[in-house]
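Undergrad: dropping the sequence and predicted coords here.
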Amino acid sequence: MARQLRQLQLAAVEEIFRRQESTMNRRRLRDTANPFEVDDEEFSNYFHVPKAMAMYLCEALEPVLLRTQRRGLAVHVQVLVTLRFMAGGGYQRGVGRARYLAISQPSVSICIKKVTNAIVDRLLPEWIVFPKTRRKWTEIGERFQPIVKFPGVVGAIGCAHMAIVTPLVDEDAYKNHKGFHSFNVQMICDDQMRILNISVFPGSVDDQFIWTNGSVKKIMKEAHDKKMGSFYIIGDTSYELEPWLLTPLPHASEGTAEYRYTQALFRARSVVDRLYGALRGQWKCLIQESALQYQPKQASTIISACAVLHNILAYQRIPPSEENVNENEDAHPECEENSDDMLQEAKRIQGNIIQQYFSQ
């Protein structure tokens, strides 16, 4: 009996030594391997961002991420671990064992939480901003006009479901109309797939509710009431027609002005569908097949952080890799019309656009 106990004690000691040696080896590898020393192409393929952007993130987030203890992780390690997690499909253990990033799974988890929180807190207000000036709206409208055929479009709006693991609390709130748990993520973008606004709601919430309770509707309504000019967001049939939100007429007969208007709206609004494809192509942690393995609060932060990184790339004019997605993948039921004065005004504005720009 004593001999067996002694053997178990020795085995336990050997296991402790093995883990300590593994930890020391990871730390040596982490401290000696510098990912910034590899060539630019290999770096970009691995982390899905160029070196310059990774360095910018390290500098911008350093005040939050700077280690306070000798054994803490360097800022660049924390940032690169998080980038690799986002780019590689969302599994922590694989990141810790990956090339250049030899750290434990618990450390990976801490890095992801700290870095994504820092991105959202410090960088989102700088990189995702809905413009509020007539000059900026006119500039965006001029770029949209060759596609949509009429002036004043300042953004395209749409929603997509980002899958998450089954929540431990309020599960039903996150179950969408397709039967899986998700966030319903609404984005408004310009003609160059730059995100102007993002709203992240539980999957059971419909598109119209997100729009109605968002800040951009208030901005557009205020501009309309102050007669700043004729400016519009363009959406699909999951949104109600409003004086500042134009929607298609899906039952218009082919060959009519209404049909030509609808086709032009579909073409221009497709930019937001491409945006979701680009996000999922660039950041594999957002694809439905893997689903974010986090509870809602952290999952929402990761989604928003991916949006910020997308915009940094977009403003640097680095083309994102797009995932092929079915255009109807995130289609929602058509929104029922409201018979109020605002709807009548919206129909009048829509009719004037059709008459002026699509009648011939």
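TA: Arrived safely, thanks for sending.

Undergrad: next, count neighbours for S204.
TA: For S204, the neighbour count with other Cβ atoms under 10 Å is 16. C-betas here are computed from N, CA, C, even on glycine.

Undergrad: same check, this time on Y239
TA: 24.

Undergrad: against C159, how distant is it?
TA: 9 Å (Cβ to Cβ, to the nearest Å).

Undergrad: quickly list what's touching both of those two.
TA: Overlap of the contact sets of Y239 and C159 (by Cβ atoms under 8 Å, 6 or more residues apart in numbering) consists of D207.

Undergrad: distance of the residue nearest the centre of the chain from W211?
TA: For the chain, the residue sitting closest to the mean C-alpha position, by Cα atoms, centre = their mean, is A307 at 3.4 Å. A307 sits 17 Å away from W211, going by Cβ to Cβ.

Undergrad: same question, L246
TA: 13 Å.

Undergrad: between those two, what contacts are shared?
TA: G235.

Undergrad: related to what we said a few turns ago, could I get the phi/psi values of the residue nearest to the centre of the chain?
TA: Main-chain dihedrals, A307, degrees, to the nearest 10: phi -60, psi -40.

Undergrad: wait, doesn't it sit right on I195?
TA: Yes. Using Cβ atoms under 8 Å, A307 is in contact with I195, at 5.4 Å.

Undergrad: shared neighbours of those two, which are they?
TA: I128, M187.

Undergrad: tell me which strands the longest strand anywhere in the chain pairs with, and in which orientation.
TA: The strand spanning the most residues in the chain, taking DSSP state E as the definition, is strand 153-163. Here strand 153-163 is paired, per DSSP bridges, with strand 182-189 (antiparallel), strand 232-234 (parallel).

Undergrad: just name the shakiest helix or strand of the chain by mean pLDDT.
TA: Across the helices and strands of the chain, mean pLDDT, DSSP states H and E gives its lowest value to helix 2-32, namely a mean of 45.

Undergrad: now do the helices in this structure.
TA: 2-32, 40-47, 51-65, 75-88, 92-96, 105-118, 124-127, 134-148, 207-212, 215-225, 257-282, 296-315, 341-358 (DSSP state H).

Undergrad: list the buried residues in the shortest one.
TA: Neighbour counts using 16 or more other Cβ atoms under 10 Å place L124, W127 of helix 124-127 among the buried residues.

Undergrad: now do it: everything it contacts.
TA: Contacts for helix 124-127 (Cβ under 8 Å, 6+ apart): S304, A305, A307, V308, N311, I312, Y315.

Undergrad: now, of the residues you listed, which are buried?
TA: S304, A305, A307, V308, N311, I312.

Undergrad: and the gap between the first one and G152?
TA: When Cβ to Cβ is applied, the distance between S304 and G152 equals 29 Å.

Undergrad: does Q293 touch V165 like I think?
TA: Yes. Under the criterion of Cβ under 8 Å, Q293 makes contact with V165 at 5.1 Å.

Undergrad: now the contacts of helix 124-127 as TSV including distance to M55 and pLDDT?
TA: Shown next, in TSV, are the contacts of helix 124-127 (distance: Cβ to Cβ, whole Å; pLDDT from 0 to 100):
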residue	distance to M55	pLDDT
S304	22	98
A305	18	98
A307	21	98
V308	16	98
N311	17	96
I312	12	95
Y315	16	87
